[in-house]
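Participant: let me see the structure of the following:
(2 chains)
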Protein chains: 2
Amino acid sequence: MTTQTTTHGAAVPAEHLDPSKPHALEHITVVDFTRVLAGPTCTRMLADAGARIIKVERPGTGDDTRQMGPFASDGTSEYYRFANLGKESIALNLKDPGDLGLVKAMIAEADVVVENFRPGVMAKLGLDPVELVRRHPRLIVCSISGFGQYGPLHLEAAYDTVIQAVSGIMDATGAPDGGPTRVGTSISDILGGIFGYCGIVTALVARERTGKGTTVDVAMLDATFSTMEQGLMDALGIHQRPERIGNRHPSMAPFDTYSCADQLIAICVGNDHLFAILADTLGKPELAADSRFATNVDRTNNQAELKQAMEAVLRTDSAAAWHGRLEDAGIPASLVLNVDDTRRLEHIKVRGMVKEVDGFQVPGNPIKFGAYNSLGTMIPSPELDNRGDALRAEFAPGDVPRQPKGGDA
Amino acid sequence: MTTQTTTHGAAVPAEHLDPSKPHALEHITVVDFTRVLAGPTCTRMLADAGARIIKVERPGTGDDTRQMGPFASDGTSEYYRFANLGKESIALNLKDPGDLGLVKAMIAEADVVVENFRPGVMAKLGLDPVELVRRHPRLIVCSISGFGQYGPLHLEAAYDTVIQAVSGIMDATGAPDGGPTRVGTSISDILGGIFGYCGIVTALVARERTGKGTTVDVAMLDATFSTMEQGLMDALGIHQRPERIGNRHPSMAPFDTYSCADQLIAICVGNDHLFAILADTLGKPELAADSRFATNVDRTNNQAELKQAMEAVLRTDSAAAWHGRLEDAGIPASLVLNVDDTRRLEHIKVRGMVKEVDGFQVPGNPIKFGAYNSLGTMIPSPELDNRGDALRAEFAPGDVPRQPKGGDA
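Facilitator: Predicted structure coming up:
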């Protein structure tokens, strides 16, 4: 048997991305008050898992991102599109008693409420999360914010850049002789959204056993801080102040990016055996015999000299040429790709990580299930209020009571 | 009512971190074959949510990270400690038929199996994920790997640095005139672990309804690629090749880091009203009247000149002094903190984001539930085989059959 046939799904990617399989969360209804990026990332993940998402938007303008670029040729916002696939939109004025009544009727039948207002706004609207759970004991109410629902900084403004700055991730990123560097995507917004998803789905599992809903409080700061693995090991574990170390690994070498004639190549060598093969592949077997580079500890201690010696050779040819040789030799290495090249990789296509929904390309779903739909939602992001009339009819308060569904007590 | 009393938990953080509350997933048993970082991050999250984690380690040396620094004063690895809190360790040789039999007996009673071997290794061991789910129809088997279980690159070596390079996140991070920059934490390993958690918990929710388990396939590459928000909007949405833009925002200004006399400050101004206040606070009201900076579009188009004008003033005083003035004026701003400063913030302490377990400080749990334990596990990371004898006794094959629990068909 070859690996191609023994590994899970290796031979059957088409089946794995079968759009006819059921979605994992298709029985879950979510009332979604989120705006911009952190909250909508969470509810986009819920939509990808098949949940019904009712997105409540401000009348007239809707979510702020509808006015934020980049814009497609038809004038619609790519920002809005990426984060709002699979949702139903209803435009409601939460300060209008009639609209608020409709929202409360929707919440009474929902499993989940998600919001990312500044802490306190939901309470002012008459939708305090603690009160909502008290009234609807099976309801899960998730609040995603910059600094969380309590703590001395909880009312601070929470842009992704602020959270990257406060969390330590910006200071940790960049060259030792350069400055703190923002991660080149809104990682704190996105981590807030992903951890919000984790909290909601965890609470759904627990509800099956306890019968109880809960509030969930996710702070972008807590989420980002919790990922600061190496820096926190230094700070909390050995009481050393972590330093920016550029692209290299703190305790393995060569494990860094290296300059070739045209561009960088990443090379990751974790043991002496691979290092000897690398030295041969570079045509410099003497490096493996050099006492400065004999063990991984030696190489890490002398990583700057090792990098200089390697780059003297690597600069003689292109990164692509070296990549081919290193691959043939079994050395872990890769080109540093612009995401515009990444999205064109056959591998990314085969895994459904770029999909076309309603004529527009969007990122796919990174969670692949054997038994459930792994493509994620194929429903386009909604026009403002696209389901307003239908939702008003469905949830109009004062109607004949419907079968309760995971909501009212 | 003040915000302090109306917002969820604002007045009662102590209750929120009450260690006596039940855990959300305390009924779930996980057999954990993971090593190093991506997989252990996933099962550490499951442990924080209260699941029982049985970590299967290689006899003699255990998880590679036991030998990886930084090391605490007692010689134990902080790397191992951070990623393995709350787990039970058993040392087993998976090539030994007796040990393999014990593993199969544990799996027969488990809800979840997690592994992050290279694709194909589980099958070679006789533990093929698809076969395991076939034999135990309620079982969830999650595989976390660099490139996933199928696709042309699925057998490539998968270090965090390689995935950061291939995913586009490295190319997107850094200054326009600098090079591609590695995110200063192992973000691709960690995203692989977090999305693995998402997949497992989603599958647990679905199992309650369908009665069926499933395989889950999470690739660090897919996970990282899916977070490349702004770059993918450019590449997929408007077919432009994204560029590295340093610390600034692509479509808002001033929204960047700025040099003060001593260090950087992050300032985030999203509208004209705030910009006028900023200009006053800087003692340069004329900036708000300057036609180059009249609207957000003008400011974004002329952000380099605006940055120069702002830094001419900001360099006259310290970042801390400016931060105080900007806060008083209501301008979103923050110092850029080293994570060693972040962990000392009162806010981080109040939210339980640093906790002491068995005398060692470790990061806390970023998911705060009203109804469930939000501290995460307080069980220390295990010594190798700390529960070996107990687990052998509990799961010895051939015993009197126990009550099936979510496992055997």
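Participant: tell me which element A:Asp217 is part of?
Facilitator: strand A:214-219 (DSSP states H and E).
Participant: cool, A:Leu132 as well?
Facilitator: helix A:129-135.
Participant: and that helix, how far out from the chain middle?
Facilitator: Relative to the mean C-alpha coordinate of its chain, helix A:129-135 is positioned 28 Å out (Cα atoms, centre = their mean, to the nearest Å).
Participant: list the buried residues in it.
Facilitator: In terms of neighbour count (16 or more other Cβ atoms under 10 Å in any protein chain shown), helix A:129-135 has its buried residues at A:129-130, A:132-133. Quick note: C-beta positions are derived from backbone N, CA and C, even for glycine.
Participant: where does pLDDT dip in the stretch 301-409 of chain A?
Facilitator: A:398-409 (pLDDT under 70).
Participant: so which residues on it come close to chain B?
Facilitator: A:332-343, A:345-348, A:350-351, A:353-354, A:360-372 (Cβ under 8 Å from any Cβ of the partner chain).
Participant: can you flag which of these belong to strands?
Facilitator: Under the assignment DSSP state E, these contribute A:333-335, A:354, A:360-363, A:367-369 to strands.
Participant: show me where the stretch 201-350 of chain A has strands.
Facilitator: A:214-219, A:255-259, A:264-268, A:333-335 (DSSP state E, counting those that start in this stretch).
Participant: confirm A:His23 sits in a strand?
Facilitator: No. Counting by DSSP: H, G, I helix; E, B strand; the rest coil, A:His23 is not found in a strand; it is coil.
Participant: which residue packs closest to it, ignoring adjacent ones?
Facilitator: In space, and not counting its chain neighbours, A:His23 is closest to A:Gly50: 2.2 Å by Cβ to Cβ, 6 or more residues apart in numbering or on different chains.
Participant: do A:Ala158 as well
Facilitator: Nearest to A:Ala158 is A:Gly146, by Cβ to Cβ, 6+ apart, at 1.9 Å.
Participant: what's the neighbour count on the one you found?
Facilitator: 27 (other Cβ atoms under 10 Å in any protein chain shown).
Participant: what residues are up against it?
Facilitator: A:156-159, A:162-163, A:192, A:219-221 (Cβ atoms under 8 Å, 6 or more residues apart in numbering or on different chains).
Participant: and the furthest pair within the ones in strands among the residues of the stretch 301-409 of chain A next to chain B?
Facilitator: For these, the maximum inter-member distance is 34.6 Å, found between A:Ala333 and A:Phe360 (Cβ to Cβ).
Participant: what segments of the stretch 201-350 of chain A are helices?
Facilitator: A:220-226, A:229-232, A:272-281, A:286-289, A:296-301, A:303-314, A:319-329, A:339-342, A:346-350 (DSSP state H, counting those that start in this stretch).
Participant: list the contacts of the second one.
Facilitator: In this case it means helix A:229-232. Residues contacting helix A:229-232 (Cβ under 8 Å, 6+ apart): A:168, A:172, A:225, A:242, A:250, B:37, B:82, B:184-186, B:190, B:338-340, B:343, B:363.
Participant: quick check: mean pLDDT of it?
Facilitator: For helix A:229-232, mean pLDDT rounds to 95.
Participant: keeping just the C-alphas, turn it into CSV.
Facilitator: What follows is the C-alpha trace of helix A:229-232 in CSV, where atoms were taken according to Å, rounded to 0.1, in the frame of the first residue of the first chain:
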residue,chain,number,x,y,z
GLU,A,229,4.0,30.9,23.5
GLN,A,230,7.8,31.5,23.4
GLY,A,231,7.7,35.0,24.9
LEU,A,232,5.5,33.9,27.8
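Participant: how's chain A carved up into domains?
Facilitator: A:3-227+A:349-395, A:255-259+A:264-335 (automatic domain parsing).
Participant: which of the buried residues of helix A:129-135 are close to chain B?
Facilitator: A:129-130, A:133.
Participant: neighbour-wise, which one of the ones in strands among the residues of the stretch 301-409 of chain A next to chain B leads?
Facilitator: A:Lys368 (30 neighbours).
Participant: residue contacts, that residue?
Facilitator: A:9, A:16-17, A:351, A:374, B:148-149, B:199, B:216-218, B:222.
Participant: in JSON lines, list the domains of chain A along with distance to B:Glu305.
Facilitator: Formatted as JSON lines, the domains of chain A follow (distance: least, Cβ to Cβ, whole Å):
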{"stretch": "domain A:3-227+A:349-395", "distance to B:Glu305": "20"}
{"stretch": "domain A:255-259+A:264-335", "distance to B:Glu305": "31"}
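Participant: what number of residues lie near A:Asp328?
Facilitator: Neighbours around A:Asp328, by other Cβ under 10 Å: 9.
Participant: and it, how far from B:Asn84?
Facilitator: 36 Å (Cβ to Cβ, to the nearest Å).
Participant: pLDDT added to the buried residues of helix A:129-135, as TSV?
Facilitator: Below are the buried residues of helix A:129-135 laid out as TSV (pLDDT from 0 to 100):
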residue	pLDDT
A:Pro129	97
A:Val130	95
A:Leu132	98
A:Val133	97
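Participant: so can I have a markdown table of the residues you listed showing distance to B:Asn271?
Facilitator: What follows is the buried residues of helix A:129-135, written out as a markdown table (distance: Cβ to Cβ, whole Å):
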| residue | distance to B:Asn271 |
| --- | --- |
| A:Pro129 | 28 |
| A:Val130 | 32 |
| A:Leu132 | 31 |
| A:Val133 | 34 |
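Participant: dump the residue contacts of the closest residue to chain B within the stretch 201-350 of chain A.
Facilitator: Here the stretch 201-350 of chain A gets closest to chain B at one residue, A:Val339, 2.8 Å apart by Cβ to the nearest Cβ. By Cβ under 8 Å, 6+ apart, the contact set of A:Val339 is B:167-169, B:171-172, B:225, B:228, B:231-232, B:235, B:242.
Participant: save the residues you listed as JSON lines, and put in neighbour count too.
Facilitator: Shown next, in JSON lines, are those (neighbours: other Cβ atoms under 10 Å in any protein chain shown):
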{"residue": "B:Ser167", "neighbour count": "30"}
{"residue": "B:Gly168", "neighbour count": "29"}
{"residue": "B:Ile169", "neighbour count": "29"}
{"residue": "B:Asp171", "neighbour count": "29"}
{"residue": "B:Ala172", "neighbour count": "25"}
{"residue": "B:Phe225", "neighbour count": "29"}
{"residue": "B:Met228", "neighbour count": "26"}
{"residue": "B:Gly231", "neighbour count": "28"}
{"residue": "B:Leu232", "neighbour count": "27"}
{"residue": "B:Ala235", "neighbour count": "23"}
{"residue": "B:Pro242", "neighbour count": "23"}
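Participant: checking my notes, A:Val103 in a helix, right?
Facilitator: Yes. Read with three-state DSSP, A:Val103 is one of the residues of a helix.
Participant: quick one: neighbours of it, just the number.
Facilitator: 24.
Participant: in this structure it contacts A:Met122, no?
Facilitator: No. A:Val103 is beyond contact range of A:Met122, at 11.0 Å (criterion: Cβ atoms under 8 Å).
Participant: so which of the strands of the stretch 201-350 of chain A gets nearest B:Ala319?
Facilitator: strand A:214-219 (23.3 Å).
Participant: out of the domains of chain A, deepest packed?
Facilitator: domain A:3-227+A:349-395 (a mean of 22; mean count of other Cβ atoms under 10 Å in any protein chain shown).
Participant: which residue does the stretch 1-150 of chain A bring closest to chain B?
Facilitator: A:Glu78 (3.3 Å).
Participant: excluding its backbone neighbours, what's nearest that residue?
Facilitator: Nearest one to A:Glu78, counting by Cβ to Cβ, 6+ apart, is B:Gly237 at 3.3 Å.
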